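J.: I'll drop the sequence and a predicted model, then ask my questions.
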Amino acid sequence: MNRTEPINLMLVEDERVVAFDLKHQLQSFGYRVGATVASGEMAVQRVTELAPDLILMDIHLDGAMDGVEAALEIQRRMPVPIIYLTAFAEDDTLNRALASRPFGYLVKPWDARELHATIQMALARREAEIAVEMSEQRLKLALDAASLGVFEWRPEGNLLRSDGHLGRFFGERSATLDESCPAFLARVHRDDRAKVVAALDRERSLGKGTQIEFRTAPDEKALYFVEANVKAYHTPGEGQRVVGVLRDVTERRLLEDKLHKSSVVFRTAAEAIVIVDHERRVTTVNDAFTRIAGYTEEQASGLDIDVLLRTRRATADGVYFFEELATGQEGYWQGEVECQRSSGERFPAWQSISVVYNTHGKVSNFVIAFSDVSEIHAAEQQLSHLAHHDPLTGLPNRLLFEDRFEQALELARREQHYCLLLFLDLDSFKVVNDTLGHIHGDTLLCIVAERLRNTLRATDTIARLGGDEFVILAGSHNPGYAADLAQKILDVLCEPVPLSGDSITISGSIGIATYPSDGVDRHALMRAADIAMYSAKAEGRNRYQFYSQDMAERSNQRLHLEQGLRRAIDGGQLTLHFQPQVTLPDRQIVGVEALVRWQHPELGMIPPARFIPIAEESGVIDALGRWVLEHACLEMAGLKDGLGGQLHLAVNVSAREFMRSDFIDALRETLARTGFPAAALELEITESTLQTIDRSLEILGELKKLGIAVSIDDFGTGYSSLSVLRNLPIDRIKIDRSFIHDLQHNPDGAAIVKAMVALAESLRMDIIVEGIETAEQAVILTRMGCAGGQGYLFSRPIPVADLIKLLATPDGDNG
Ligand SMILES: Nc1nc2c(ncn2[C@@H]2O[C@H](COP(=O)(O)O[C@H]3[C@@H](O)[C@H](n4cnc5c(=O)[nH]c(N)nc54)O[C@@H]3COP(=O)(O)O)[C@@H](O)[C@H]2O)c(=O)[nH]1
């Protein structure tokens, strides 16, 4: 013991004389007796204050507390070695004294040297104990500082002891575990128990030192990771021990896990991610970056990212942009930029940039993530195209057209030029659609769209508004350009269209409105062009018309007529006139053509040339046609021609009626109802009705079976080719009156009529000429070989009563 101060003793002795004598003895050995007390209570009371190095304690003391009890209480308060001094050495006292782990037990009388030696040994033992305690404490503190726990497993007895920094992972407040190995294993996560057992057994047999990681789950929510480094030792006399340290590695594992996930995200992200330093130089890129931008990490490393990708930002140039970002509040930016791949191809990218600050608050890196949004742009464009274009023809639709129209008007206003609007509606498109079906109708619309595209300038706009309606928009300093354009369109439309294995001919009607004369806004101009288009239809179709003020009035009238027409059929406003048809050489009446008349209650007699086109456009023609056939048959049934046979009756049939699916059935029923003989009936159809050969052939075949004759009306004005006629069961062709009115003065017209007569002969068809007004014409036509004729020369269309009178006139007073 190496100390300068004397050893401080406390003496607990109730016999004064003994205490006095003992004190002197002790002092003679150089000890200091800091206090001499006579009772256990007094000793307990003063021990903390005196802090003696050793206590000499008599066992039998005055008072309630004896020496053993006092010693136990003192040791609870502070670690101080106690030597018992007693006159008794019986077992009972001895055993009680042993429980207090005394440092010595002297039975009176003792000699002075024995006392001194016992005190010295006790002090030496205490010093050794203190050294061990200090060492243990140091170890504990070191374990605590290193967050380590200590682990010891003794296979013999299968006991496990663990202490130190066990922290939270065993869910115990106590820093020490002392339990059986199974109890310890119960603390380990069930999935890791086998692994722990195997590692301990392996270490036990090999003894080379083992590292193992396992999880503990002290409660349902918590999961901790523990790393154990254990080694087996064999201490002679103590058997085998497996000793080691335990470390809570939860934070590290979670961080590693997080890093691992981040790295997986980084590597596998679909987005390109590139990390640059504070000067925008590339440090790390992921695979997606290489895939999108075309540069490997090696190629990109150290290069300025904006220079590498030739980035174009809408906001500011690269350096300034990054400086702003670094010094700004948010430290984050996202938006669209344009970049360039290694191949040189430019692409739009959606970019997000985050600023990374170091622990000193300085910018250390920027993390740039971006994706190629070319496909999104393409999809957007596609959607926009779909929203603005007609899916069938690919032409702009109404929405886009209206937008372009506004722009065109704006430009026309600024540049002070004309804006020309052409409204095109196909003639008889409904017939094609109804008879050939919608698929062929669609094909026809596509062909028309293509022809329009090829005809117009790139600066003109063509749009399909729906159905068979097209609009064309053109800017020009010359309003006459509209007429050229319209004529060009009409010309290309007339070219034969291959459809359904046939070749059909179509035409169109065009209305033209001009800015600023016909209107200054879109709505007024559209209305004007629409009205002009209807006017072109009313004028006979296959033509164009410029809008004029009076057309608006006519358009209103047209609407008025259309509505009135529906009422006229049931309202008894329709009547029939009959125009005789004669044999040319002898002018015998052999038949009549039924021609409808409309006696309008307010407008008076309305000629069919005005209301038939309206009836056809509006669909009223179906009801009107049925009415005409029924009444014509009724009125003509039983009327005799000059030879006493049933007078022939010719009835006009529109293309739309002719192609109706129930046309033949309705015809058959009408004949049955009226009793008119089928053999005396002739249907006049126009060349345009024959456009759709297959369906026409079918109907013509049915008519043939019924014995009804068919003639081609207005022959020569349409586009029937010889080959078409040759294949159809047509009985008669009716030469249009336009070839007749100037016959005597027009050699070309005469030649055409001659050719048509020859054609009819070669096709073994009868011929009739309409519009004969003069005797001279009749003579010429007779000479040409025309067998039949019709015209004012013989008779105007007349009511049935007048016809009956005329028929009754001997030899017919017909010119
Ligand atoms: N689908 C139906 N169309 C019909 C029906 N009724 C008549 N129409 C068609 O209307 C157009 C005009 O007919 P309309 O005004 O009756 O004129 C006819 C004759 O009056 C006229 N004509 C006859 N002879 C002469 C003449 O010598 N000179 C002259 N300038 N005109 C004359 O021709 C019309 C008959 O023509 P067409 O039918 O081509 O034989 C007309 O297209 C009718 O077809 C009906 O019920 N249904």
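T.: Sure thing, it's come through.
J.: make sure Gln777 is actually in contact with Leu793.
T.: Yes - the criterion here is Cβ atoms under 8 Å, and Gln777 meets it with Leu793 at 7.2 Å. Quick note: C-beta positions are derived from backbone N, CA and C, even for glycine.
J.: any common contacting residues for these two?
T.: When contacts are counted by Cβ atoms under 8 Å, 6 or more residues apart in numbering, the set common to Gln777 and Leu793 is empty.
J.: part of a helix, is Gly511?
T.: No - with DSSP: H, G, I helix; E, B strand; the rest coil as the criterion, Gly511 is strand rather than part of a helix.
J.: so what's it up against?
T.: 422-423, 528-536, 544-545, 547.
J.: could you redo the last one with a cut-off of 6 Å?
T.: Phe423, Ala529, Ala532, Met533, Ala536, Gln545 (Cβ atoms under 6 Å, 6 or more residues apart in numbering).
J.: which stretches of the chain have low pLDDT?
T.: Applying pLDDT under 70 to the chain flags the ranges 1-3, 165-167, 172-175, 315-319, 691-694, 718-724, 810-815.
J.: quick one: secondary structure of Gly361?
T.: coil.
J.: give me phi/psi at it?
T.: phi 80, psi 10 (degrees, to the nearest 10).
J.: so which other helices or strands are in contact with the helix or strand containing Ala70?
T.: Per DSSP states H and E: Ala70 is located in helix 67-77. In this structure, helix 67-77 packs against helix 40-50, strand 54-58, with contacts taken as 3 or more Cβ pairs under 6 Å, 6 or more residues apart in numbering; DSSP states H and E.
J.: which residues sit against it?
T.: Gly40, Ala43, Val44, Val47, Met57, Asp58, Ile59, Leu61, Ile82, Arg96, Ala97, Ser100.
J.: now the element after that helix, going C-ward?
T.: strand 82-86.
J.: what angle do that next one and helix 40-50 make?
T.: 150 degrees (axes from the mean of the first three to the mean of the last three Cα atoms, to 10 degrees).
J.: flag every buried residue along the helix or strand following strand 82-86.
T.: Downstream of strand 82-86, the first helix or strand assigned by DSSP H and E is helix 91-99. For helix 91-99, a neighbour-count test (16 or more other Cβ atoms under 10 Å) marks Thr93, Arg96, Ala97 as buried.
J.: and the ligand, which of the residues you listed contact it?
T.: When the buried residues of helix 91-99 are checked against the ligand using Cβ under 6 Å from any ligand atom, none falls in range.
J.: looking at the helices and strands packed on helix 67-77, spot the one closest to the ligand.
T.: Minimum separation from the ligand across those (Cβ to the nearest ligand atom) falls at helix 40-50, 133.4 Å.
J.: which elements pack onto the closest one?
T.: Based on contacts counted as 3+ Cβ pairs under 6 Å, 6+ apart, the elements that helix 40-50 packs against are strand 32-37, helix 67-77.
J.: identify all contacting residues around that helix.
T.: Met10, Val12, Gly34, Ala35, Val37, Leu61, Gly63, Met65, Glu69, Ala70, Glu73, Ile74.
J.: domain ranges for this structure?
T.: 8-140, 146-253, 276-377, 395-547, 571-718+731-736+767-773+786-808 (automatic domain parsing).
J.: save the ones you listed as a markdown table, and put in distance to Lys754 too.
T.: A markdown table is the format used below for these (distance: least, Cβ to Cβ, whole Å):
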| stretch | distance to Lys754 |
| --- | --- |
| domain 8-140 | 133 |
| domain 146-253 | 108 |
| domain 276-377 | 68 |
| domain 395-547 | 24 |
| domain 571-718+731-736+767-773+786-808 | 10 |
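J.: what's the closest of those domains to Asp742?
T.: domain 571-718+731-736+767-773+786-808 (10.7 Å; Cβ to Cβ).
J.: roughly how far is the closest one from the heart of the chain?
T.: On the basis of Cα atoms, centre = their mean, to the nearest Å, domain 571-718+731-736+767-773+786-808 sits 60 Å off its chain's mean C-alpha point.
J.: begin at 702, not 1, for the rest of this chat.
T.: Renumbered: residue one is now 702, and that last one reads domain 1272-1419+1432-1437+1468-1474+1487-1509.
J.: return the most buried member of the helices and strands packed on helix 741-751.
T.: Using mean count of other Cβ atoms under 10 Å, the stretch among these with the largest mean neighbour count is helix 768-778, at a mean of 20.
J.: can I get the contacts of Gly1212 in a markdown table with distance to the ligand and neighbour count?
T.: Formatted as a markdown table, these follow (distance: Cβ to the nearest ligand atom, whole Å; neighbours: other Cβ atoms under 10 Å):
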| residue | distance to the ligand | neighbour count |
| --- | --- | --- |
| Phe1124 | 25 | 28 |
| Ala1230 | 27 | 26 |
| Ala1233 | 22 | 27 |
| Met1234 | 21 | 27 |
| Ala1237 | 17 | 27 |
| Gln1246 | 20 | 22 |
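J.: in helices, which of those appear?
T.: Counting by DSSP state H, those place Ala1230, Ala1233, Met1234, Ala1237 in helices.
J.: using JSON lines, lay out those residues together with distance to Asp892.
T.: Converted to JSON lines, the ones in helices among the contacts of Gly1212 look like this (distance: Cβ to Cβ, whole Å):
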{"residue": "Ala1230", "distance to Asp892": "82"}
{"residue": "Ala1233", "distance to Asp892": "87"}
{"residue": "Met1234", "distance to Asp892": "83"}
{"residue": "Ala1237", "distance to Asp892": "88"}
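J.: identify the farthest-apart pair in those residues.
T.: Ala1230 and Ala1237 (10.4 Å).
J.: what does the chain have sitting close to the ligand?
T.: So the chain meets the ligand at 1280, 1294, 1296-1297, 1308-1310, 1313, 1329, 1353, 1355, 1414-1415, 1438, 1471-1474, 1491-1493, 1498 (Cβ under 6 Å from any ligand atom).
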